[in-house]
Structures are given as structure tokens and as C-alpha cells.
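> model the structure of this input:
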Amino acid sequence: MVTPTARTRLAAVIGSPVRHSLSPVIHNAAFAAGGHDWLYGAFEVDPRNATAAIDAMRVLGIAGLSVTMPHKELVSSALDDLDPEAALVGAVNTVVRTHDDRLVGYNTDGVGCVDALCGVDADLSRVGVIGAGATARAIIVAMVRAGAAVSVANRSPERLAAAVSVGNSVRVGSTSSTALAELGDCTTIINTTPQGMAGIAPDTLPIDVQAISSRHTVLDVVYDPIETPLLREARRRGAQVADGVHMLCAQAARQQELWLGHRPDVTLMRDAALEELSRSER
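Numbering: from 1, shown residues only. Purely as a prediction, here's the structure:
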């Protein structure tokens, strides 16, 4: 890691909570490997102050910002502009400061998910998405753009309808609602809910694993623990799995591409994340 000076450019993640975040570890590892005079931190921000955090970014000259839950849907109104993809999904996970000091919101969750699944050679012809929140909508749009037929399952009918509508706005007829029990018909299954997350719902499964077999690829966006109950059961049933760290690093690499103009080594970022996770478990 570089020794910070008055010339060092700052980036950070805002969210609540963020103490568990691996983003500082993976971003700083990539900055150091690339020889960039950047430093990445984390700020715990109450959701009521999400837009104030964007104002603080302006005042302090922060060069780049990652936005995590529950702020992804809250910060848009404080930005100067939105990338069309972020506007479409109604959520921002990346803020870029332009050369003329404008703040522009982007969303790299969807394309990061596609990158992570392509990295394990997943079949994206028919993708099942569990959940309909901000992350799910970004993934749905990116999967549709990648040519997938997408099936979405969610408990809230209103959010489910909104997520399906977003997918179909990209390609008519590409996205439909389904029951959890029917997701086994898909080739790839993605969990975007917190089911299985440590400290929230550590022992729960978002889907009946009887629907999973060796013909599936299963990705869980949860990365704490790295092997969630869903991934453990999917692996036992012969499915190929991609953990949340795969997606975290892939979308973070896309963030750095927006900030710096080139994409860092995702493997290096993943190695840094796994080392940190191993250290925290000791």
C-alpha cells in the first residue's frame, strides 16, 4: 500500500453497516498492485444521511465512492447525473467524479455478476433470480443484455412485478415471474437475498435445494460466510458454485475501471479478500 500524502486521491464505501466490508481490502490491494496513489476507506453512514454523504464527497474532494445497502436507492437525488443503466434499475453502487467535478452515478452489480459467472463458464441461457431488490434488478438487466431468459422469484408481489418490468424494458418477453419451486428449470440460479448471511439469517436457505442438481450453476451474492448454506448444499448436490467474493471482486474491478480507466486483476483482489477472511476467522 502507498504511503498517503496530501496528493493521495481518496475513495471509500458508504453503507450501514460497513464494518464487515471487504471493499477496503480488495480496492487497496488493487491500487497498490497498479502503483496508483489512491487510498480506500469505509464510512458508516446512517440512511437518513445518505444524500449528505454525497455532499461531503463534493466538499472533501473524494475521488470515487462505492455505495452499499441500504443506500443504493437513496443517493441518486444528490448526484449531478446518472448513467442510463443506474437510472433504469433505480440504484447506484458507484459514484465517479468527472474531470469537471461532476458526480455521476453508475451500477456495476449486474455486469459484475455476469463477469463472475462467465469466469466459471456458467450457462446463462436461462437464469433464475431470487429477490427483487436493488441488486436483483441490476443483475436482471445485465443478464437480459447478456442474452438470458430470466425468471424472478420474490415474496413481495409489488417488487416482483417491478423487477420483471425492468427486465422486459430491456428486451420484451425476456423476463417473467416464477415460483421458487420452479427455479430448478433454470440453468443458473442466483440468490440476491440476505438468506444465509452471518448475523442476519445464517442458517436459512432461500430455495428448496431439492431443485438443484449437477446441471446447475449457483451464485450467492452473500460473502459472509463465503460458503453459505445454499452454496454448501448446492455443492453437495453436484452443482457448480460461485461465491459472493467472486461477484464482489468482479463488480469492484468494474468500479476501478470507471475511476481509473482500466480494470485491475480480479484474481489479485480475490486473493486479498480470502486472506482477510481467513485472518478474521482465526
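
> how close does the closest residue to residue 70 other than its chain neighbours sit to residue 249?
Closest residue to residue 70 apart from its sequence neighbours, by CB to CB, 6 or more residues apart in numbering: residue 47 at 5.3 Å. Using the backbone N, CA and C atoms, a C-beta is placed for each residue, glycine as well. Per CB to CB, to the nearest Å, residue 47 is found 26 Å from residue 249.

> how many neighbouring residues does residue 48 have?
Neighbour count of residue 48, defined by other CB atoms under 10 Å: 9.

> what does residue 252 give?
28.

> who touches the residue nearest to residue 70 in this structure?
By CB atoms under 8 Å, 6 or more residues apart in numbering, residue 47 lies in contact with 16, 70, 71, 74.

> how near is the last one to residue 96?
Counting by CB to CB, the separation of residue 74 from residue 96 is 18 Å.

> more neighbours, those two?
Between residue 74 and residue 96, counting by other CB under 10 Å, residue 74 is the more crowded of the two (22 against 18).

> any idea which helix or strand carries the more buried one?
Assigned by DSSP states H and E, residue 74 belongs to neither a helix nor a strand.

> and the closest residue to it other than its chain neighbours, what pLDDT?
Of all residues not flanking residue 74 in the chain, residue 50 sits nearest, at 3.9 Å (CB to CB, 6+ apart). The per-residue pLDDT reported for residue 50 equals 93.

> per-domain residue ranges of this protein.
Here the domain assignment for the chain is 9-107+246-280, 110-242, based on automatic domain parsing.

> dump these to JSON lines, plus distance to residue 3.
Listed next are the domains of the chain as JSON lines, based on distance: least, CB to CB, whole Å:
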{"stretch": "domain 9-107+246-280", "distance to residue 3": "9"}
{"stretch": "domain 110-242", "distance to residue 3": "29"}
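
> residue ranges of the strands in the stretch 1-150 of the chain, please?
Counting by DSSP state E, counting those that start in this stretch, the stretch 1-150 of the chain has strands at residues 9-15, 38-44, 64-67, 81-82, 94-97, 103-106, 126-130, 149-153.

> with mean pLDDT and distance to residue 174 added, can I get those strands in JSON lines?
Formatted as JSON lines, the strands of the stretch 1-150 of the chain follow (pLDDT from 0 to 100; distance: least, CB to CB, whole Å):
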{"stretch": "strand 9-15", "mean pLDDT": "96", "distance to residue 174": "31"}
{"stretch": "strand 38-44", "mean pLDDT": "96", "distance to residue 174": "36"}
{"stretch": "strand 64-67", "mean pLDDT": "97", "distance to residue 174": "27"}
{"stretch": "strand 81-82", "mean pLDDT": "97", "distance to residue 174": "22"}
{"stretch": "strand 94-97", "mean pLDDT": "97", "distance to residue 174": "25"}
{"stretch": "strand 103-106", "mean pLDDT": "98", "distance to residue 174": "22"}
{"stretch": "strand 126-130", "mean pLDDT": "98", "distance to residue 174": "10"}
{"stretch": "strand 149-153", "mean pLDDT": "98", "distance to residue 174": "6"}
